[in-house]
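A.B. asks: here is my input; please provide its structure:
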Amino acid sequence: MEFQHQQLQESETAESLLQQLPHLSDEQLKQEYLNALQWTEPLSLILPLLDDKSQVLRVVKLALDVDFCLGARLIGAVKPEFQAATVDLLVALELPEVLKIRLLGSTGSDSAVPQLLQVLHDENSRFRSQVASALGKIGSEAAVAALGQALRAQDSEVRTQVAYELGQIGSEAGVAVLQEALNDNDYQVRESAALALSAIATDAAVAALQQALNHKSPNFRERVVSALGQIRTDAAVAVLQQALNDEVYQVRESAALALGHIRTDAAVAALQQVLNHDSYDFRGKATSALGSIATESAVAALRLALTHSDYRVRGRTALALGSIGTEAAVAVLQQALNDENHRVREKAAEALGSTGAEAAVAPLLIALQDEDSSVRRTAAEALGYIGSEAAVTSLQQALSSEDSYVRRTAAWALGRIATETAVAALQQALTDQDSWVRLSAAYGLGKIGLEMGVAALQEALGDENFEVREKAAEALGNIGSEAGVTVLRQSLYDEDFWVRRRAAEALGKIGTDVAVAALRSALRDEDSDVRRRAAYALGNSGSEAAVASLRVALNDEDSNVRLSAVKALGNIGTETAVAALRVVLDDEDSDFRGKAVYALGSKGTEAAIVALEEALRAEDSWVRWMAASALASIGIQRVVMALEQALNDSDSRVRYTAAEALGKIGSPKLLAQLRQMLYTTTDNYELSTILNAIASIQERCGYYNHDVATS
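C.D. replies: Residues are numbered from 1 along each chain as shown. As a prediction, this is how the structure comes out:
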């Protein structure tokens, strides 16, 4: 209702403007109407009603003076018999070829097609792919015909783009052209054509893809069946059903997966037939595909598959039901926990865990008592994934199992259930004779993150197994208790370098003065990765006390340590940290200088911004680009002036990075400078960035041209 009301208002406004138009001066028309975004839609409504060619040409010419994109839009709005003349106004402009192609596509006019074809046939043009994109934007029958011609281009990149654009247009007229492209000698063109036909998705498109299934390349046939899976019609299902009999396994497998994407009853019926295929792998793919369909008919088919004579099929079926995860699927899986084969029961327990359903907890608690240890272990894992507190008592009992694998999994599962009871159980598990149980317990205590687990983890840092010590150090960091600092500081001298690494990371997370002091000593460790992690951790601490040590680390023999020190100083961001980074700007390594510059943008302090402004004047374009990127990431008004200067940089990367940032934070005064950049750009990506920046500023200020608005 609101949309209809808006349309009515725009229609009434357009009618009023239509009556006033002959009486408006050029300046009035530009300043009061063409330049205001709110009048663009009414102008688009009145132009098809104008019978006076001279008046039409006047409006379009003035619109092009105001803004190129506005002019291109209005060219396509005038009566068809006037569009050739209005397109000529655009063609006559002295603009870079890449911009003119973009604008011709934006007109949406058939009159622009001959101009685009002229560029397409120019053997010296570097922008044929952009021509294909422009024709795709026009999207008319004439554009489709032109794209058909472009499909004979010598450049395979152009043909690939043409096929893509035909798919975007979605016209039935493109099917015949794309069918021819399915036999192109370039694989990417054929693949693009197949995907385009899947986007069109008509019966004719399906028929074309069906013929392509006779192609000699199995890789291409595989892509064709994947494309058919995107169409999701009964006609596509019928073709895919034939592909299930392809001589190459990969094609048959892709056909099964494609049917899984279609998710109709017809697809379920086709896949159900595969469940009796001779190949176990193929039966498994069909089962998995049924799991992705997740309809009632799919559940019914899978329920039947649970009676299959092959236990492997029943196991894959259980996993498929788990991926569906509905109440009906959970109910069927409960039955599968009674299967005679322990492998099937194991898969059923795994599947129940993947559903995350509370209804799965009760049957899994029963499965914890299964006679087979692998089933019990999987049930414990599944309960951990679900994370229900109702499972804590049973999992605690499982910690007494004679099977160490069950105990390991139970400890892991308890770690995912954050209760004090779980913490108490895991503290006890830290004394288990099996090192993997102790490791899982340490992991679990860190996952829960409660202070009451700290004392036990401190003791675990003296465990005989280095992996337990490593996991205990990591857990103490996750908990973040200052009580763990003393033992973690000792662990920085552990005989195992992995323990030392984890201790450094943990101290960085805790971040107290004592922890920072310990990390500073770790910067002298013999293992470079310990030093690297210590530097990184010091950055996370944000401590001013770390700067002096990090300044020394900037000269470390290992480049990764130096880089971590750079990032750490950027994270700290104080004046002394910035001063340390500014020294790096004189380093002989260009890449290192660039990383240091980018790090300055981490905090965006005044001192960092000043340093980045200086870096924008560096001789090295890589450094200037990093400086522009860092200023862009800061994204506040304070950096606007520096980014404006970067718009004139000799390196296109610096220019488009600055333009992208200014589109978000720049003022309307920038519109003139950005428009001027359009006259010199020859790079398609830079052009897109500039146009997007212009559009963003225009959207914020509500008009197209700042000079017109202020004149």
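A.B. asks: quick one: the helices in the stretch 1-150 of the chain?
C.D. replies: Using DSSP state H, counting those that start in this stretch, the helices of the stretch 1-150 of the chain run over 2-20, 26-28, 40-46, 53-66, 68-75, 80-91, 97-107, 113-120, 128-138, 141-150.
A.B. asks: Ala580 is nearest to which of those?
C.D. replies: Among the helices of the stretch 1-150 of the chain, the nearest to Ala580 by C-beta to C-beta is helix 97-107 (43.4 Å). C-beta here means a position set from N, CA and C on the backbone, and glycine is covered the same way.
A.B. asks: by contact count, what packs against that closest one?
C.D. replies: Using 3 or more C-beta pairs under 8 Å, 6 or more residues apart in numbering; DSSP states H and E, the elements in contact with helix 97-107 are helix 68-75, helix 80-91, helix 113-120, helix 128-138, helix 684-701.
A.B. asks: the longest one: what's the following helix or strand?
C.D. replies: Spelled out, that is helix 684-701. helix 706-710 (DSSP states H and E).
A.B. asks: give me the nearest residue to Ala294, chain neighbours excluded.
C.D. replies: Spatial nearest neighbour of Ala294, chain neighbours left out: Ile324 (4.4 Å); criterion: C-beta to C-beta, 6 or more residues apart in numbering.
A.B. asks: check what pLDDT the one you found gets.
C.D. replies: For Ile324, the pLDDT comes out at 93.
A.B. asks: how about Leu8?
C.D. replies: Leu8 is assigned 40 on the pLDDT scale.
A.B. asks: what distance do you get for Ala243 to Arg252?
C.D. replies: 7 Å (C-beta to C-beta, to the nearest Å).
A.B. asks: next one: Val224
C.D. replies: Distance, Val224 to Arg252, by C-beta to C-beta: 13 Å.
A.B. asks: so between the two, which is more surrounded?
C.D. replies: A count of neighbours by other C-beta atoms under 10 Å puts Val224 above the other of Val224 and Arg252, at 34 against 24.
A.B. asks: for the more buried one, which non-adjacent residue is closest in space?
C.D. replies: Nearest non-adjacent residue to Val224, counting by C-beta to C-beta, 6+ apart: Ala212, 4.7 Å away.
A.B. asks: pull the contacting residues for that neighbour.
C.D. replies: Leu182, Arg190, Ala194, Phe220, Arg221, Val224 (C-beta atoms under 8 Å, 6 or more residues apart in numbering).
A.B. asks: most surrounded residue in these?
C.D. replies: Neighbour counts for those peak at Val224, which has 34 neighbours (criterion: other C-beta under 10 Å).
A.B. asks: wait, it touches His215, no?
C.D. replies: Yes. Contact criterion C-beta atoms under 8 Å: Val224 and His215 qualify, at 7.3 Å.
A.B. asks: rewinding a little: the residue nearest to Ala294 against Glu296, yeah?
C.D. replies: No. Using C-beta under 8 Å, Ile324 is not in contact with Glu296; the gap is 10.0 Å.
A.B. asks: and the two? Which one has more around it.
C.D. replies: Using other C-beta under 10 Å as the criterion, Ile324 and Glu296 rank with Ile324 on top: 24 against 13.
A.B. asks: one step back: for the helices of the stretch 1-150 of the chain, which one sits closest to Gly291?
C.D. replies: That would be helix 128-138 among the helices of the stretch 1-150 of the chain, by C-beta to C-beta, at 37.2 Å.
A.B. asks: hang on, the earlier thing: mind checking the helices of the stretch 1-150 of the chain for the one nearest to Trp622?
C.D. replies: helix 97-107 (25.0 Å).
A.B. asks: re the thing from before, distance of the residue nearest to Val224 from Gln230?
C.D. replies: 14 Å.
A.B. asks: what about stretch 307-316, how long is it end to end?
C.D. replies: One end of stretch 307-316 sits 12 Å from the other (C-alpha to C-alpha, to the nearest Å).
A.B. asks: just for this protein, where's the confidence low?
C.D. replies: Along the chain, the model assigns pLDDT under 70 to residues 1-13.
A.B. asks: could I get the full set of helices for the stretch 501-650 of the chain?
C.D. replies: 513-522, 528-541, 547-553, 559-572, 575-584, 590-599, 606-615, 621-634, 640-646.
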